[in-house]
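Colleague: With the sequence up front, the predicted model follows.
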2 protein chains.
Amino acid sequence: MLEHLILGMLTIKPMTGYEIKKAMQNSTAFFSNVSDGSLYPALNRCEASGLVVARELVENGRFKKIYEITPEGNEVFSVWLKAPLKPFMFKYEMLIRLFFAHNLAPDELREIISQHIEQLQELNSSLQAIEKKQAKKVDNFQLTTLHFGQDFYQFLINWYEKLEQDLYPDEKGSGLAKADQATKDKDK
Amino acid sequence: MLEHLILGMLTIKPMTGYEIKKAMQNSTAFFSNVSDGSLYPALNRCEASGLVVARELVENGRFKKIYEITPEGNEVFSVWLKAPLKPFMFKYEMLIRLFFAHNLAPDELREIISQHIEQLQELNSSLQAIEKKQAKKVDNFQLTTLHFGQDFYQFLINWYEKLEQDLYPDEKGSGLAKADQATKDKDK
DNA sequence: TTATTCATGTAATTTGTTACATGATTCT
DNA sequence: AGAATCATGTAACAAATTACATGAATAA
């Protein structure tokens, strides 16, 4: 999986491990994050199996290994790209909290939900920032992927905001809220 | 993580490992799946650390261990439930395919998308089946979690259907399509 | 001069999966 | 009689994370 992601990155252009990581942070990191501790060993494995070749050099006194994908690497990546998708699963910790929320006081649940919404808003902002910075450098599919992320986060934010309204219908936290409430009361 | 899920399940009622697994399949499995090979060792770890106690018995000639959560287990679970959420990340293989779709022929990408939509529809159906079967047995939060799953899958299905339309606007596959196409052509 | 960025890696641990292994009971 | 369900576990492997470890160049 990580190997395939690396190969994919190297289909764009030859890069050092460090550059691959940075490229991922500006693109795929939101749906597939990678740490140093897994990236470099994975690169070495790819080299060992002939999927990439490394050119070692010293630039500005810095030791670098520029990796380039080989024809075999391209073939492996291409096969993987067309292979059937693995069963889809969204491992989602927040849902476990929600599932067992009967063990929480209402205020505690509320706090968790608003915490999560904040998380999602930050993620969404960071994707928007990435898009601003990268929009001209990436192809359409890569842009579409970024848009997916934004749509996805927004869906989640909307979902939890609706949940908040369902759970705590009386409190809206805005000047309008009282008016809405009055209207609602009148309707009864 | 798995331990917490187990503890959560045991806050509902005492169960055997087998029953826990079945209960998960009817509820949490879509966002947090568990295999035999991890469930039983995890139960033993929970027992070893005093978070659960097991009552061993033979019922209908079958050896069983009925696990019950202890006060310490309840405390541990309760603390975890209120703890800050870990950074949110949705590891999503399909997006890697999309991200690198410039390496795919249009038909190949199309096949992958429709494959994925099928996956999602099956998942959605299975959640609907679970809801029908379980609706009366579960509390509101558990029901809400099931609804999240359905809303989530539906969001994804809609998103990919829209993507299909954007990528292949000429083919609609319905009798209406030709009329639409004619209208569109006229506009040019 | 101090922090950040560039640059690569190892070692220990975590967390899980898959396959294997067993065996009784109940449904068809 | 055979398949499915009930019921529990082990062992080998996979895939990653976190923390550790190093060190030079550059920007503040």
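Modeller: Looks like it came in fine.

Colleague: which ones are touching the residue sitting nearest the centre point of chain A?
Modeller: By C-alpha atoms, centre = their mean, chain A has its centre lying nearest to A:Phe30, at 1.5 Å. By C-beta atoms under 8 Å, 6 or more residues apart in numbering or on different chains, the contact list for A:Phe30 reads A:Leu123, A:Ser126, A:Leu127, A:Gly149, B:Met89, B:Phe90. No exception for glycine: its C-beta is placed from N, CA and C like everyone else's.

Colleague: where along chain A do the helices fall?
Modeller: A:2-12, A:17-25, A:36-48, A:71-82, A:93-99, A:106-134, A:140-167, A:175-187 (DSSP state H).

Colleague: Mean pLDDT, distance to DNA strand C and mean neighbour count added to those, as JSON lines?
Modeller: Formatted as JSON lines, these follow (pLDDT from 0 to 100; distance: least, C-beta to the nearest atom of the strand, whole Å; neighbours: other C-beta atoms under 10 Å in any protein chain shown):
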{"stretch": "helix A:2-12", "mean pLDDT": "96", "distance to DNA strand C": "12", "mean neighbour count": "21"}
{"stretch": "helix A:17-25", "mean pLDDT": "96", "distance to DNA strand C": "3", "mean neighbour count": "17"}
{"stretch": "helix A:36-48", "mean pLDDT": "96", "distance to DNA strand C": "3", "mean neighbour count": "15"}
{"stretch": "helix A:71-82", "mean pLDDT": "96", "distance to DNA strand C": "16", "mean neighbour count": "16"}
{"stretch": "helix A:93-99", "mean pLDDT": "96", "distance to DNA strand C": "10", "mean neighbour count": "22"}
{"stretch": "helix A:106-134", "mean pLDDT": "95", "distance to DNA strand C": "14", "mean neighbour count": "16"}
{"stretch": "helix A:140-167", "mean pLDDT": "97", "distance to DNA strand C": "20", "mean neighbour count": "18"}
{"stretch": "helix A:175-187", "mean pLDDT": "46", "distance to DNA strand C": "41", "mean neighbour count": "10"}
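
Colleague: Make JSON lines out of those and add distance to B:Asn26.
Modeller: Formatted as JSON lines, the helices of chain A follow (distance: least, C-beta to C-beta, whole Å):
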{"stretch": "helix A:2-12", "distance to B:Asn26": "33"}
{"stretch": "helix A:17-25", "distance to B:Asn26": "37"}
{"stretch": "helix A:36-48", "distance to B:Asn26": "35"}
{"stretch": "helix A:71-82", "distance to B:Asn26": "34"}
{"stretch": "helix A:93-99", "distance to B:Asn26": "12"}
{"stretch": "helix A:106-134", "distance to B:Asn26": "23"}
{"stretch": "helix A:140-167", "distance to B:Asn26": "22"}
{"stretch": "helix A:175-187", "distance to B:Asn26": "37"}
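
Colleague: Export those helices as TSV, with columns for distance to chain B.
Modeller: As requested, the helices of chain A are exported to TSV (distance: least, C-beta to the nearest C-beta, whole Å):
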stretch	distance to chain B
helix A:2-12	4
helix A:17-25	10
helix A:36-48	13
helix A:71-82	5
helix A:93-99	5
helix A:106-134	5
helix A:140-167	4
helix A:175-187	22
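
Colleague: mind checking which of those is nearest B:Leu98?
Modeller: The closest of those to B:Leu98 is helix A:140-167. By C-beta to C-beta, the value is 5.3 Å.
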